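> Sequence first, then the predicted structure:
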Amino acid sequence: MTTPTISASGLSLGYRGGLALDDVSLRLDRGVTGLLGPNGAGKTTLLRILATAMPPDRGALTILGQDPSTVHGRVQARRLLGYLPQQPGFHPGFTAFEFVDYVAILKELTDRRARHAEVRRVLDAVGLAEQRGKRIRALSGGMRQRVALAAALVGDPGFLVLDEPTVGLDPEQRMRFRELIAEAGENRTVLLSTHQTEDVAMLCHRVVVLDRGRVRFDGTPAELVARAESRVWSGAERDPGALVGWRTGTGEFRNLGEPPAGARLVEPTLEDGYLLVLGGRPEVAA
Ligand SMILES: Nc1ncnc2c1ncn2[C@@H]1O[C@H](COP(=O)(O)OP(=O)(O)OP(=O)(O)O)[C@@H](O)[C@H]1O
């Protein structure tokens, strides 16, 4: 068996308010894995730990064979991974080129000529060749996300950590961004956190659902959809026996849970499976 890109076991981390991650174990390999979960589930905390931005309180982790609990392992792991954080921390006065070059310097690409060639390569890869001299403040939200992705791609890392990369993008930009992520996942391991079940349906070969700091599901998108098989029905009213139900655009109600006899069953979606894994809690349906 080959060594996985990421091998994490028993990761736990507490903040003052309580446990944000509770005994999370995960192995990740090539391709795009989606991390779904409601607000406060622990997604950012997990991604930060996997990107070595903070250590867990407990648990063991290896990143591309490196142990980030040692200084040497942490430095090596950082050379091998790319991280697109939720707030990329742009300096709006920088141009796209200057920002990515700055990240490349932090990644210790010391030879100026080779570094600049690398910056041009990653900006080209995300379709920003034309905009590289533009100031970040003058770029659209979608272009800024592409700059952040370019920065994460510097040095061709084997492991990419993307924290809600499609948030705030219009549908066309989101589609374009998904293509870039799919491309990035062809020959490396990508972990992507998102609230968008469509991101997972369109991009991911695997999906992990995190809720209240614990892994609630780990499988393929098709397996997540299958969780809702024969558990979704429609009707003229919200079924009081449903775990969760809502009015759809057609005026009909979509109900999830254990259908009553004679219920009009409908084809489940990935979102239905996700909501059922979370126990149909309506506060996470948004
Ligand atoms: N710096 C911090 N100090 C204290 N508590 C924190 C801190 N960061 C996160 N938390 C808490 O830890 C829990 C997990 O937060 P985290 O940001 O990892 O969740 P998330 O799944 O990324 O949420 P979202 O989807 O809203 O970004 C939440 O209860 C949150 O309030």
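On my side now, so go ahead.

> starting at the chain centroid, how far to stretch 250-262?
How far stretch 250-262 lies from its chain's middle: 31 Å, per C-alpha atoms, centre = their mean, to the nearest Å.

> What are the buried residues along it?
253, 254, 255, 256, 257, 259 (16 or more other C-beta atoms under 10 Å). No exception for glycine: its C-beta is placed from N, CA and C like everyone else's.

> can I get the residues you listed in JSON lines with pLDDT and secondary structure?
Shown next, in JSON lines, are the buried residues of stretch 250-262 (pLDDT from 0 to 100; DSSP: H, G, I helix; E, B strand; the rest coil):
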{"residue": "253", "pLDDT": "94", "secondary structure": "strand"}
{"residue": "254", "pLDDT": "95", "secondary structure": "strand"}
{"residue": "255", "pLDDT": "95", "secondary structure": "strand"}
{"residue": "256", "pLDDT": "95", "secondary structure": "strand"}
{"residue": "257", "pLDDT": "95", "secondary structure": "coil"}
{"residue": "259", "pLDDT": "95", "secondary structure": "coil"}
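
> is it possible to export those residues to CSV including distance to the ligand?
Output for the buried residues of stretch 250-262, formatted as CSV (distance: C-beta to the nearest ligand atom, whole Å):
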residue, distance to the ligand
253, 27
254, 24
255, 26
256, 21
257, 25
259, 30
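
> Return the member of those residues nearest to residue 224.
residue 256 (13.4 Å; C-beta to C-beta).

> That closest one pairs with what?
Going by DSSP bridges, residue 256 is paired in beta bridges with residue 232, residue 244.

> mind listing the strands for the stretch 51-200 of the chain?
Ranges of strands within the stretch 51-200 of the chain are 58-63, 81-84, 159-163, 189-194, based on DSSP state E, counting those that start in this stretch.

> can you tell which of these is closest to the ligand?
With C-beta to the nearest ligand atom, the closest approach to the ligand among the strands of the stretch 51-200 of the chain belongs to strand 189-194: 6.6 Å.

> ok, back up a step: return the member of the buried residues of stretch 250-262 nearest to residue 21.
residue 256 (27.3 Å).

> Put together a markdown table for the strands of the stretch 51-200 of the chain, with mean neighbour count on each row.
Listed next are these as a markdown table, based on neighbours: other C-beta atoms under 10 Å:
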| stretch | mean neighbour count |
| --- | --- |
| strand 58-63 | 19 |
| strand 81-84 | 24 |
| strand 159-163 | 25 |
| strand 189-194 | 25 |
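
> Columns distance to the ligand and mean pLDDT on top of the ones you listed, output as JSON lines?
Below are the strands of the stretch 51-200 of the chain laid out as JSON lines (distance: least, C-beta to the nearest ligand atom, whole Å; pLDDT from 0 to 100):
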{"stretch": "strand 58-63", "distance to the ligand": "15", "mean pLDDT": "96"}
{"stretch": "strand 81-84", "distance to the ligand": "14", "mean pLDDT": "94"}
{"stretch": "strand 159-163", "distance to the ligand": "7", "mean pLDDT": "95"}
{"stretch": "strand 189-194", "distance to the ligand": "7", "mean pLDDT": "95"}
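
> for these, which one sits closest to residue 138?
Nearest of the strands of the stretch 51-200 of the chain to residue 138, taken as C-beta to C-beta: strand 81-84 at 20.6 Å.

> just the helices in the protein please.
Here the chain has its helices, by DSSP state H, at 43-50, 71-80, 96-106, 112-125, 141-153, 171-184, 197-203, 221-226, 270-277.

> quick one: buried residues of the fourth one?
The reference is to helix 112-125. Using 16+ other C-beta under 10 Å as the test for burial, helix 112-125 gives 115, 118, 119, 120, 122, 123, 125.
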